[in-house]
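Chemist: I need the structure of the sequence given here:
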Amino acid sequence: MSFSDLFDSGFKKRNEDHFAAIVRVAMDDGVISDDEKAFLDRLARNLDISDADYALILKDYKSHPINPPYDYDRRLERLYDLARIVYVDHIKGDNEEILLRKIGVGLGFHPENVKYVVDKALTLVSNGVDLDTFTEEMKNMNK
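Modeler: Sure thing, here's the model as predicted:
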């Protein structure tokens with residue numbers, strides 16, 4: 001039995017949708033840079049996205065919905081991935097940040113504080129924190 005056989009098709013679909021959301025951010029400027037491509041390649045491997053699915057998602061990424069995770073830690077993990085792709089693109093305050101806010105709302109963050117959440121996420125990522133530190137800092141920002 002392969003690793004991917006341990007998970008249902010819903011798990012695979014959520015990973016594909018998550019990956020498509022990240023591709024959506026990367027493609028906002030119409031180009032995927034070399035840094036973005038390297039990040040997407042690593043993320044695709046981590047999410048068990050096949051080469052064929054990768055190509056299909058790149059071609060038709062807008063057809064995948066943004067499915068918010070029920071678990072807050074999973075939301076933070078997805079926000080971390082998205083913030084990293086925005087940071088890799090070296091664009092802050094541009095259309096990608098606005099799109100990241102929209103996706104943040106789609107992930108389940110409250111519209112009234114999503115700007116603060118995204119700004120904090122981008123700051124943490126620009127400081128080079130890992131996922132565990134990111135999660136801890138994001139959870140502590142309301143204290």
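
Chemist: I'd like the distance between Phe109 and Lys59.
Modeler: As judged by Cβ to Cβ, to the nearest Å, Phe109 and Lys59 stand 29 Å apart. To be clear about C-beta, it is placed using only N, CA and C from the backbone, and glycine gets the same treatment.

Chemist: out of the two, which sits in the busier spot?
Modeler: Between Phe109 and Lys59, counted using other Cβ atoms under 10 Å, the more crowded position is Phe109 (22 against 9).

Chemist: show me what contacts the closest residue to that one other than its chain neighbours?
Modeler: Leaving aside its sequence neighbours, Phe109 sits nearest to Val117 (Cβ to Cβ, 6 or more residues apart in numbering; 5.1 Å). Applying Cβ atoms under 8 Å, 6 or more residues apart in numbering to Val117 gives the contacts Leu79, Gly104, Phe109, Met138, Met141.

Chemist: and Val117, what pLDDT?
Modeler: Listed pLDDT for Val117 reads 93.

Chemist: re earlier: ok, and the most crowded of the contacts of Val117?
Modeler: Leu79 (27 neighbours).

Chemist: so how far is Pro69 from that residue?
Modeler: 10 Å.

Chemist: okay, and the common contacts of these two?
Modeler: Leu107.

Chemist: isn't Arg84 right up against Leu40?
Modeler: No - with contact defined as Cβ atoms under 8 Å, Arg84 does not count as touching Leu40 (10.7 Å).
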